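>>> Predicted model and sequence below, questions to follow.
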Amino acid sequence: MGVIFYLLAALTLAGGLAAVLLKNTVHCALALTVAFAGLALLFLRLDAQFAGFAQILVYVGAVAILVVFAILLTRGSETPTEGVFSRSWFVGLVIAAAVFAALGAAIVESAPALPGETAAPSVTVLGIGDALVTRYVLPLEIVALLFTAAIIGAVIVAMREKERAK
Amino acid sequence: MSQWVDQIFVLFKNWLVGYLPAGWQGAAGVILCVIAIIAVYPTLFAIAVLLERKGLGRMQNRYGPNRVGPFGLLQPVADGIKALTKEDVVPLRADRVVHFLAPIVLVVAVFMLYAVLPMGRHMVLVNLDAGLLFFFAMGASTELAVFMAGWSSRNKYSLLGAMRAIAQMISYELVLLLSTVVIVMISGSLSLVTIVDAQNHYTGIFPHWYVFTPWGLAGFLVFVIASTAETNRSPFDLPEGESEIVAGYFTEYSGFKFALFFLGEYVEMLAIAGLGVTLFLGGWTAPLSVLTWVPSWLWFFAKIMAWICFFIWLRGTLPRLRQDQLMNFAWKFVLPFTLLNLLVAAIWRFMGGGWLRWVVCSTMVVAAYVGMGRIEMFKRRIGPRTYRYAEE
Amino acid sequence: MTGFATPLAGYLLVAALLFAIGLAGALTRRNAILVLIGIELMLNAANLNLIAFWRYGPNPQALTGFMFAIFSIAVAAAEAAVGLGLVISIYRHTHTTDLDQMNRMKG
């Protein structure tokens, strides 16, 4: 383990906590970015270099920007007057706590049986690319199909607005 | 002798590090390289700003800065002192924390870009296996800094500038990324060092740069357009169009923070120019085989500065685009063209050697360009260009 | 460091905690966009689990968990785009992103 792991874990969890607790919606989105960046660093720590960079590119570069765009387009950047938590917040908190208790108990219980420190696997980008077009070619094609569907969906949503404006 | 000059910085680093105990040498070497990067690029930034002000002045029939030092050469120093001593004004309603963090995030992300750029033979901070991906990941992080600056200022011009900048950067980031994929397809690597090595061959005296192939030329042109837009340079400088929205997302920044934004913008420009040089123009390799005795790092920096001069020339020449023209151009023309270029690169890869692939790939690139231009003309019912003169 | 018996347990605990935080956010916030933020956190926690299991699993050379994480990142990007698009189109209809006020089935 080591100090770096604890620092990164604290950074990630602090970002995540801030993202769900802060009042201002834009601050939440920025805190979310901190959590994403912390996770990317954790991926790097786990020797998953490619996944870490992909995480930064996709989440910090795209998803976080999408979120702030959505916040600005829905006038969400002003702090709401009537509280930020929903009426049923207590139930939600209990459910989340219960889920964490169950997961945590399972992990603590099975901790002695988990495998210990192993040598870092050598993963090259070439190997990843090779695997993507051989063993994982079907999921790759399905993801491509999903993206096409998402793009068409986005265009249709935008086009319908235009027709209404006419 | 020439070999020694070529490796002078590497040898100097090894000599310095050699005095340390063996356990510290790796870390010390990295720190030395980082210090070198942090020292060199702001210097280049000062030179680029001076070049820009002088060059633009000449293009607009005026002198440009000529008061500080001989020929105005010390103008960047004066600018720096001015920026450091100016009052740092933060708007009353601004979000102070985010307002403070935005320039720092930008500058840190921008300097990270240099970690993977090979600036000469054996002169790279880390030769990452996924170097190109790292470069784009860090480049994408700058968008967030732009948003933070624009939103935290509580100024409508800042916010409008930030929205424009992000929309533009996302659109052109896609194009930028796709235009470099052809290089990855042909060279089979994401490591920038490997990509430069693959271009370091000569036929006769001419180099094997990727720009001298049909798909490489198409990719290079797209890359130049997208890099201009990505760095918010004219003619794509809508995010900071002075005549419309003051200075865009950094309107409310003054003093040192403004200087940081200015620095970040130019350093990003240098980094993207460096990436373009590395991918398409052979990085640190010499343009003719008879010139290989010139040190490799000199070629790299000369190519970057030539690229910057090209940017300055563009800024002095072209008028600013409109927002809808910008978006239509990115999504309806450049993006499909880049996707077709991927197909061309794939065909090139599988046709093997010989002259036939030159003919096929060149035809495809030209046909794609002309065809898409014609379709666009037909859709807008634009005829051939006509000229009207005053004498008629 | 003494804390967890194995490094894997540490990563799993972090992921579980992050998942719980995301779940709590998704269940308690009023703003639809913040619910999406909670969902993103949960997806990311799952990714961390996948990568950790890949790293400390019996056969990391097969890249199974790694590929799962890569695909999950890709799918999550599409999910975020579609989800936020839906939120924006709902906002155009009802002029609110407050989930407590979105209680009508009729548009």
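Perfect, thanks for sending it.
>>> contacts for whatever helix or strand B:P336 lives in?
Using DSSP states H and E, B:P336 falls within helix B:335-350. Outside helix B:335-350, the residues that touch it by Cβ atoms under 8 Å, 6 or more residues apart in numbering or on different chains are B:174-175, B:178-179, B:181-182, B:185-186, B:213-215, B:218-219, B:222, B:357, B:360-361, B:364-365, B:368-369, B:372. Any C-beta I mention is one placed from the backbone N, CA and C, and that applies to glycine too.
>>> Would you mind giving me the PyMOL syntax to select the buried ones in the residues you listed?
Command for PyMOL that selects the buried part of the contacts of helix B:335-350, burial taken from 16 or more other Cβ atoms under 10 Å in any protein chain shown:
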select buried, chain B and resi 174+175+178+179+181+182+186+213+214+215+218+219+222+357+361+364+365+368+369+372
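>>> tell me the contacts of the residue of the stretch 151-300 of chain B found nearest chain C?
Relative to chain C, the nearest point of the stretch 151-300 of chain B is B:I170 (11.4 Å; Cβ to the nearest Cβ). Each residue near B:I170 by Cβ under 8 Å, 6+ apart is listed here: A:A62, A:I65, B:E143.
>>> Equivalent analysis for B:L270, please.
B:L270 sits next to B:Y41, B:L44, B:F45, B:A48, B:I304, B:I308 when contact means Cβ under 8 Å, 6+ apart.
>>> redo that, cut-off 10 Å
The contact partners of B:L270, taken as Cβ atoms under 10 Å, 6 or more residues apart in numbering or on different chains, are B:40-42, B:44-45, B:48, B:110, B:113-114, B:117, B:231, B:301, B:304-305, B:307-308.
>>> On the pLDDT front, check it for me.
Here the pLDDT value assigned to B:L270 is 91.
>>> Enumerate the residues of chain A near chain B.
A:24, A:26-27, A:29-30, A:33, A:37, A:40, A:49-62, A:64-66, A:68-69, A:71-73, A:77, A:122-129 (Cβ under 10 Å from any Cβ of the partner chain).
>>> Can you say which of the residues you listed are buried?
For the residues of chain A next to chain B, buried by 16+ other Cβ under 10 Å: A:24, A:26-27, A:29-30, A:33, A:37, A:40, A:49-62, A:64-66, A:68-69, A:71-73, A:77, A:123, A:125, A:127-128.
>>> how about B:V126, secondary structure?
coil (DSSP: H, G, I helix; E, B strand; the rest coil).
>>> mind listing what's buried in the helix holding B:P336?
In helix B:335-350, counting by 16+ other Cβ under 10 Å, buried: B:L335, B:F337, B:T338, B:L340, B:N341, B:L342, B:V344, B:A345, B:W348.
>>> so what pLDDT did the fourth one get?
The confidence metric pLDDT takes the value 89 at B:L340.
>>> what's the distance between it and B:L132?
21 Å (Cβ to Cβ, to the nearest Å).
>>> and if you look at the fifth one?
In this structure, B:N341 and B:L132 are separated by 17 Å, where distance is defined by Cβ to Cβ.
>>> picking that back up, using CSV, write out every CA atom in the helix holding B:P336.
The C-alpha coordinates for helix B:335-350 follow below in CSV (Å, rounded to 0.1, in the frame of the first residue of the first chain):
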residue,chain,number,x,y,z
LEU,B,335,-14.9,15.8,-39.8
PRO,B,336,-16.2,13.7,-42.8
PHE,B,337,-13.1,14.6,-44.7
THR,B,338,-11.0,13.3,-41.8
LEU,B,339,-13.0,10.1,-41.6
LEU,B,340,-12.5,9.5,-45.3
ASN,B,341,-8.8,10.1,-44.8
LEU,B,342,-8.8,7.2,-42.3
LEU,B,343,-10.1,5.0,-45.1
VAL,B,344,-7.3,6.3,-47.4
ALA,B,345,-4.7,5.5,-44.8
ALA,B,346,-6.1,1.9,-44.3
ILE,B,347,-5.9,1.3,-48.1
TRP,B,348,-2.4,2.7,-48.2
ARG,B,349,-1.4,0.3,-45.4
PHE,B,350,-2.7,-2.8,-47.2
